[in-house]
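Chemist: This is the structure alone, sequence omitted:
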């Protein structure tokens, strides 16, 4: 199992009820991390449009997170 | 071009080598359209006016409410009920009589957006909802206008510059490269639903004003292609590199999107639309409550319930999962909150718990105040 650190902003932070979590997945692939988040926090299913960033860029679902890389969740916020 | 009073007025910024007299004249010639005279609009408008940006347009259809004053520092208590655009202009004229101000006390929508932005060099989006954000983005793309973007949520804010001309002549990334698909409406909450720290738009709006001034001066490195995020709660920052997406519907050849669309509909879609959300209007509710046996479930916070309520029982959304068993599964339940967003979330939660007879009060207490009982206090 691979452990990945996840940092959340916006509504994603609300869903996780914390800013940072550690997520366990078989190989650290983004699609697996997404599945795991949905399993642990079902509300993520409704945020299916959410893109995952690693370090400073969006990555696709088949990206495999390397050790010490951090996954960042940035949902849109709309207030003004 | 500048008169003597202006030389004195702008002296402190004209001393900066990057600005000087040439920069000050540029500012004076510039025209900027600010969409939204709210939390973000307040510092944006005050700093642009103070800096001597020569032509400023302000779009906002709202009137000043008491709950605005905690963050919208452009306004005063005695101005409650006044349109935000007229109050803003009153204040900005006192601040700087050398600039030209224009008010648009209207909602920006697909029919008027292109016309509104047409005569401005730069657009700044300080609006408070997702449909307007996509609308302004698309309109700016279609009319080749650079767009400064900022948005806030509780302790958190985002800033960027979209659609700026790059050295190779192409346009920089835009909002659809950053967020191609809108989330379900209740997952992009606005300040009225989820609250906001008063000083937050002060900081984020000031960053937007700073980007605007830099853009006009054509100095420094802009936020084009970068999204800056600040979380005041733990004072953390993050910068995301935004890349142009090949499937951005504005860009393709030919582009999928060649004109403005219905943005309310675009942003209303919910991935969970297979779940039945039945809504009733406030007028339907008025009739139903007299003739039927209804359980009104208010999912707002207790302090909101104290301010104003339509009766019913109060279980805040955050406690609902644990307190479901206080409700009768056979009852006809109508969920209510301030705007109808949180109550929809409550309804989904109840349906998952096996409640079969649930409805959402469309538009929430705000709609009830507007359409049924205007004497109820607003907050």
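Modeler: In hand now; what should we look at? None of these values were measured; they are calculated from a predicted model.
Chemist: going forward, measure contacts and count neighbours with C-alpha atoms only.
Modeler: Noted.
Chemist: Can you say which helix or strand has residue B:98 in it?
Modeler: Counting by DSSP states H and E, there is no helix or strand that carries residue B:98.
Chemist: What score does it have for pLDDT?
Modeler: We have a pLDDT of 98 for residue B:98.
Chemist: Now for it: which residues touch it?
Modeler: Counting by CA atoms under 8 Å, 6 or more residues apart in numbering or on different chains, residue B:98 makes contact with B:6, B:52, B:54.
Chemist: Relative to residue B:298, how far out is it?
Modeler: 51 Å (CA to CA, to the nearest Å).
Chemist: Now residue B:27: closest residue in space, sequence neighbours ignored.
Modeler: Spatial nearest neighbour of residue B:27, excluding adjacent residues (CA to CA, 6 or more residues apart in numbering or on different chains): residue B:53 at 4.7 Å.
Chemist: Check residue B:71 too.
Modeler: residue B:198 (4.3 Å).
Chemist: What about that neighbour, how many residues nearby?
Modeler: Residues near residue B:198, counting by other CA atoms under 10 Å in any protein chain shown, number 17.
Chemist: which ones are touching residue B:151?
Modeler: Residues in contact with residue B:151, defined by CA under 8 Å, 6+ apart, are A:77, A:78, A:79, A:80, B:40, B:126, B:127, B:128, B:157, B:158, B:159, B:204.
Chemist: Tell me the most packed of the contacts of residue B:98, by neighbour count.
Modeler: Most surrounded of the contacts of residue B:98: other CA under 10 Å gives residue B:52, at 25 neighbours.
Chemist: isn't that residue right up against residue B:27?
Modeler: Yes: using CA atoms under 8 Å, residue B:52 is in contact with residue B:27, at 6.1 Å.
Chemist: Which pLDDT value goes with residue B:273?
Modeler: Reported pLDDT for residue B:273: 51.
Chemist: In three-state terms, how would residue 72 be classified?
Modeler: This is for chain A. Per DSSP: H, G, I helix; E, B strand; the rest coil, the secondary structure class of residue A:72 is strand.
Chemist: nope, chain B please
Modeler: coil.
Chemist: And it, how far from chain A?
Modeler: Relative to chain A, residue B:72 is positioned 10 Å away (CA to the nearest CA, to the nearest Å).
Chemist: And the strands in chain A, which stretches?
Modeler: Ranges of strands in chain A, per DSSP state E, are A:2-8, A:20-25, A:52-54, A:57-59, A:70-73.
Chemist: Turn these into TSV, columns for mean pLDDT and distance to residue B:227.
Modeler: Below are the strands of chain A laid out as TSV (pLDDT from 0 to 100; distance: least, CA to CA, whole Å):
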stretch	mean pLDDT	distance to residue B:227
strand A:2-8	96	15
strand A:20-25	96	20
strand A:52-54	96	12
strand A:57-59	96	10
strand A:70-73	97	13
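Chemist: Mind checking those for the one nearest to chain B?
Modeler: Chain B sits nearest to strand A:57-59 of all the strands of chain A, at 5.4 Å, using CA to the nearest CA.
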